[in-house]
Every structure is written in C-alpha cells, then in structure tokens.
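In: here is my input, please return the structure:
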Amino acid sequence: MRQKTNLHTPALIDRASIKVRFSEIDSMQIVWHGEYVRYFEDGRESFGKHYGLGYMDIYSEGYMVPIVELNCQFKQSLSFGEEVIIETRYISCEAAKIKFEYVLYRATDNNIVATGSTTQVFLNTNRELELATPAFYQEWKKKWNIL
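Out: Alright, predicted model coming up:
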C-alpha cells in the first residue's frame, strides 16, 4: 500500500539503496528512529556524487552547508537485513539554501516507510551566513536547468 505524501515537485531525483545493518536496530528489533537521519545523509551523499554537488565539491568552493532544519515522518518500521530505497529529491528555491525531501521505501513491497526534509544554508570559511546565493551554486543550477 503506497501512502500519500505532501511533497513538492522535485527538480532532480536520485535513488540509492542500502541494507539495514544489525547496529541500526534497537531493543524492539526495528530500526532506531535516529538512523533515519543517517539514511537521509546517505541519500544526500549519493545525490552529490550523481549530480556534482557533494560536500567536498561545496567545500572546495569555500563554503560549508550545515543543516538548519530537519523533519522526519515515520510511516512503517524497518528490520535488520531489509533493503531500503532512499529517494532524494532536490527542491529548487530562490534563496541561498539547499532543500531536499526524502522518501524511504522498503524494497520488497515498495511501501513508504518514512518521509522527510532538510534545509541547508551556506556558510563561508569564517562560518558567516551567506545571504546571497554563491556563484558556483548558481552555475550548478544552470547546468541542470534549475531556474
């Protein structure tokens, strides 16, 4: 059964898969809730490799992108050994921010197990907030026809 989500229209999508490791389950033998944040991170890393917007790419341009907002909605539980498909959806915005939405699917039945979102901002090398969109990020958006 696919569940409804309140997601925006993504500009770009990446899909990656992982297997739930034993170290990720709790005493109830389901994935501990904090691991879903790690799955979102796995999704962002995969997205960055695929589209050329990885953390080291950003860092080499003189910026850091800390998360300032994170949301997660749990739909169903996951267990040890299950395969999880992480869909990472880049959401375009005009502000100097990077926004992602996530949909996690159980591979065996394609059911949605969690959804979420993150917002990241740009800090310069002095750890000061950048209010204007960095030039390299504008060029990246042009490359992928994101306006």
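In: how many neighbouring residues does L7 have?
Out: 14 (other Cβ atoms under 10 Å). All C-beta spots, glycine's among them, are computed from the backbone N, C-alpha and C.
In: and what of F122?
Out: Tallying neighbours of F122 according to other Cβ under 10 Å, which is how burial is gauged here, yields 23.
In: who are the packing partners of the longest helix anywhere in the chain?
Out: In the chain, ranked by residue count with DSSP state H as the criterion, the top helix is helix 35-51. In terms of contacts (3 or more Cβ pairs under 8 Å, 6 or more residues apart in numbering; DSSP states H and E), helix 35-51 is packed against strand 12-19, helix 55-60, strand 67-74, strand 83-91, strand 97-106, strand 112-121.
In: and P134, which of the ones you listed is closest to it?
Out: helix 55-60 (8.7 Å; Cβ to Cβ).
In: elements contacting the closest one?
Out: Using 3+ Cβ pairs under 8 Å, 6+ apart as the contact criterion, the elements in contact with helix 55-60 are helix 35-51.
In: one step back: return the set of buried residues in the longest helix of the chain.
Out: Applying a neighbour-count criterion of 16 or more other Cβ atoms under 10 Å, one finds 35-36, 39-40, 42-48, 51 buried in helix 35-51.
In: my read: S77 touches W32, true?
Out: No: S77 is beyond contact range of W32, at 10.3 Å (criterion: Cβ atoms under 8 Å).
In: now the two most distant members of the buried residues of helix 35-51.
Out: Set against one another by Cβ to Cβ, the buried residues of helix 35-51 have their most distant pair in E35 and Y51, with a gap of 24.4 Å.
In: partners of the closest residue to Q73 other than its chain neighbours in the sheet?
Out: Counting by Cβ to Cβ, 6 or more residues apart in numbering, Q73 lies nearest to T115, which is 5.0 Å off, once chain neighbours are set aside. Beta bridges link T115 to Q73, V103 when assigned by DSSP bridges.
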